[in-house]
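>>> What follows is a predicted protein model with its sequence.
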Amino acid sequence: MSLKKQLANVSKRGPHRVLVGDLDYAGLPGKVYAPAEGNSLPAVAFGHDWRISLKHYRHTLRHLASWGIVVVAPETEMGLWPDHRDFASDLETSLQIAAGVKLGQGNITVSPNKLGVIGHGMGGGAAVLAALENEKVQCVAALYPAQTSPSSQDAAKHIDKPGLIIGPEDADIFSAGNPPQMAQNWKGPVCYRAVDNGKQATFSEDTVRKFFLGIGVGKASAVETARGLVTGFLLHQLNGDKHYADFSDPEAEGKGFSSATGNELEEQQKPSGLLGKFV
């Protein structure tokens, strides 16, 4: 299946006006991004990467909300030595908040049957941990997931709900994870997408840091592609929109990414011994 036309569409801003609020009122530091109105909406909890503030994801979170998806994002475990288990728990708590209260002026509600967890880097690994043995979570999307403790790679072996794993075009020995291995470990249906020019370090929006480190310059198209892939997957998995069913096809192809299954996943994994740090 080709996602060329659909991906170009969902990589752009959606039709909904977006409201932004704070999770702090519920006792958890973080942000809420939501379409301005709607009932029984899908919702996801989003996990940030190691020491990266939510302000460096605002375009991504706003993008998802513009397509009708409520996003709750805790800004916790920001220290040098984050507790991944606690971060996963915060993602679960965020989902409970989203599903349990009316948002906006009371005209925005979330369906308890349309919940997912997503994340980038460390947050991608934590999203996998949050989905483990969590019956409320319907799907998982992990963008360049990092190693965690306990191991999100091992947790993937026990998750039978649909998953989307975003990884780099080539084996990225400097990243903190091994996305193709996570996809190969996944127990349930899984889609692995390798994004052209995409890396763990280039997805967030902290452009000043990237400039001084010499990374991520000119990679906007890779970020847009990853956003679009996640958006289409969530619209199908959580909203049941058959128009986006091809985003859940493990062999789908399109501009700016490639898919891998079976032995192809093993070929794209990091060389043994270069598994990155636990962050």
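Everything's here; your move.
>>> wait, isn't Ala131 in contact with Asp160?
No - if you go by Cβ atoms under 8 Å, Ala131 and Asp160 don't touch, sitting 10.0 Å apart. Placement of C-beta: from N, CA and C, glycine included.
>>> what about the two, which has more around it?
Ala131 (29 against 11; other Cβ atoms under 10 Å).
>>> who are the neighbours in contact with that one?
Applying Cβ atoms under 8 Å, 6 or more residues apart in numbering to Ala131 gives the contacts Val117, Val137, Val140, Ala155, Ile159, Lys161.
>>> Could you check the pLDDT of the last one?
It stands for Lys161. We have a pLDDT of 97 for Lys161.
>>> isn't it right up against Lys136?
No - with contact defined as Cβ under 8 Å, Lys161 does not reach Lys136; the gap is 10.4 Å.
>>> between the two, who's got more neighbours?
Just comparing Lys161 and Lys136: by other Cβ under 10 Å the higher neighbour count belongs to Lys161, 19 against 15.
>>> what kind of secondary structure is the more buried one in?
Of the three states, Lys161 takes coil under DSSP: H, G, I helix; E, B strand; the rest coil.
>>> ditto for the one 4 residues further on
Per three-state DSSP, the secondary structure class of Ile165 is strand.
>>> Show me what it is bridged to.
Ala142, Tyr192 (DSSP bridges).
>>> Would you mind confirming that it is in contact with Arg193?
Yes - in terms of Cβ under 8 Å, Ile165 counts as a neighbour of Arg193; the distance is 7.3 Å.
>>> hey, what's in contact with both of those two?
Residues touching both Ile165 and Arg193 (Cβ under 8 Å, 6+ apart): there are none.
>>> And the next helix or strand past the helix-or-strand element of the chain with minimal mean pLDDT?
The least trusted helix or strand in the chain, going by mean pLDDT, DSSP states H and E, turns out to be helix 207-213, with a mean of 54. Counting by DSSP states H and E, the element after helix 207-213 in chain order, helix or strand, is helix 220-237.
>>> Distance from the chain centre to that following helix, please.
9 Å (Cα atoms, centre = their mean, to the nearest Å).
>>> Buried ones in that helix, by neighbour count?
By 16 or more other Cβ atoms under 10 Å, the buried positions in helix 220-237 come out as 222-237.
>>> same question, stretch 45-52
Across stretch 45-52, burial judged by 16+ other Cβ under 10 Å covers Ala45, Phe46, Gly47, His48, Asp49, Trp50, Ile52.
>>> contact partners of it?
54, 57, 61, 71-75, 78-80, 82, 87-88, 91-92, 94-95, 98, 115-124, 126-127, 130, 146, 176, 200, 203-204, 206, 279.
>>> average pLDDT for the helix or strand where Val140 lies?
Per DSSP H and E, Val140 falls inside strand 137-143. The average pLDDT within strand 137-143 is 98.
>>> again with stretch 265-279
For stretch 265-279, mean pLDDT is 60.
>>> can you offset everything so residue one is 17?
All set: I'll call the first residue 17, so the last point we hit is now stretch 281-295.
>>> hang on, isn't Val86 packed against Val126?
Yes - assessed by Cβ under 8 Å, Val86 is found in contact with Val126 at 5.4 Å.
>>> what is in contact with the two at once?
Overlap of the contact sets of Val86 and Val126 (by Cβ under 8 Å, 6+ apart) consists of Leu57, Pro58, Ala59, Ala114, Leu119.
>>> The fourth one contacts Gly46, doesn't it?
No - proximity of Ala114 to Gly46 does not meet the contact threshold set by Cβ under 8 Å, at 11.0 Å.
>>> more crowded one of these two?
Higher neighbour count among Ala114 and Gly46: Ala114, with 26 against 22, using other Cβ under 10 Å.
>>> Phi first, then psi, for that one.
phi -60, psi -40 (degrees, to the nearest 10).
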